[in-house]
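Novice: prediction below, plus the sequence it came from.
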Amino acid sequence: MALHNKSFFSNLNLQTGGFPSWDSISDEEWRNVLSNYVFKISDSFAFNSVFKKADLFPEGLNYFADWELHITGLAEAEGDIVCKFRLNDNCRSKLLEYEFAVHHFESEKFLNYYEFDSLYFFSDDRLITIYINHESEIMFLNLNDNEDALIDTLEPHIKSSFIDSSVFREAIIASRKT
């Protein structure tokens, strides 16, 4: 069985004069990729730098108070140890609210609080998806053949935004040579 690495970029343009370019992920794309792909292959998720549930509530931030966060264990993700939460229906509905990444609230310490730089999704103990908020990129790691084939079932405009990671790397290298 082969393993596949893919990235999701909205309106990726590999032919620009400089580095490749892409757009921010729209609400519609976010919901579509999550509902029709990520939620089908994942059973848990984690936030960058969140080692325990209490880390989600700094300085009185109660944004996560109505999330049903059930801890499934700890995992390693990009050199960080993170707390994994069960991907239950409550968390799915909250994650589909694309703007959950930025919280606006009254605080002397924070103007806008970014809960995480990255969001991770797991299948058992295998890290399979990394969403990098500020880069508008979703990376899919070590997908098995069945998980890779599921991409073909997505709507054409969503499916076309998935690119082999090796193709993206080659485009970056080629752009540096020009």
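Specialist: Noted; the coordinates are in hand.

Novice: so what's residue 67 up against?
Specialist: With contact set as Cβ atoms under 8 Å, 6 or more residues apart in numbering, residue 67 has these partners: 90-91, 94. C-beta coordinates here come from the backbone N, C-alpha and C atoms, glycine included.

Novice: now the residues you listed in JSON lines, with pLDDT, secondary structure and distance to residue 158?
Specialist: Supplementary listing: the contacts of residue 67 in JSON lines, determined by pLDDT from 0 to 100; DSSP: H, G, I helix; E, B strand; the rest coil; distance: Cβ to Cβ, whole Å:
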{"residue": "90", "pLDDT": "96", "secondary structure": "helix", "distance to residue 158": "25"}
{"residue": "91", "pLDDT": "95", "secondary structure": "helix", "distance to residue 158": "22"}
{"residue": "94", "pLDDT": "90", "secondary structure": "helix", "distance to residue 158": "21"}
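
Novice: can you flag the buried ones in the residues you listed?
Specialist: Judged by neighbour count, with 16 or more other Cβ atoms under 10 Å as the criterion, the buried members of the contacts of residue 67 are 91, 94.

Novice: need the contacts of residue 67 in TSV (columns: distance to residue 151).
Specialist: Below are the contacts of residue 67 laid out as TSV (distance: Cβ to Cβ, whole Å):
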residue	distance to residue 151
90	27
91	23
94	24
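
Novice: ok, the contacts of residue 67 vs residue 72, which is closest?
Specialist: Distance to residue 72, by Cβ to Cβ, is smallest for residue 91 among the contacts of residue 67, at 11.3 Å.

Novice: for the closest one, give its distance to residue 171.
Specialist: Distance from residue 91 to residue 171, counting by Cβ to Cβ, to the nearest Å: 34 Å.

Novice: what residue is smack in the middle of the protein?
Specialist: In the chain, the centroid-proximal residue (Cα atoms, centre = their mean) is residue 131; its distance is 2.1 Å.

Novice: contacting residues for that one?
Specialist: Remark: with contacts taken as Cβ under 8 Å, 6+ apart, residue 131 is in contact with 118-121, 137-139.

Novice: what separation do you get for it and residue 19?
Specialist: Plainly put, residue 131 is 21 Å away from residue 19 if you go by Cβ to Cβ.

Novice: give me phi/psi at the nearest residue to residue 153 once chain neighbours are set aside?
Specialist: Using Cβ to Cβ, 6 or more residues apart in numbering and skipping the chain neighbours, the partner closest in space to residue 153 is residue 36 (7.5 Å). Per-residue torsions, residue 36: phi -100, psi 0 (degrees, to the nearest 10).

Novice: helices or strands up against the longest helix belonging to the chain?
Specialist: Identified as the longest helix of the chain according to DSSP state H is helix 165-177. Counting contacts by 3 or more Cβ pairs under 8 Å, 6 or more residues apart in numbering; DSSP states H and E, the secondary-structure elements packed against helix 165-177 are strand 4-8.
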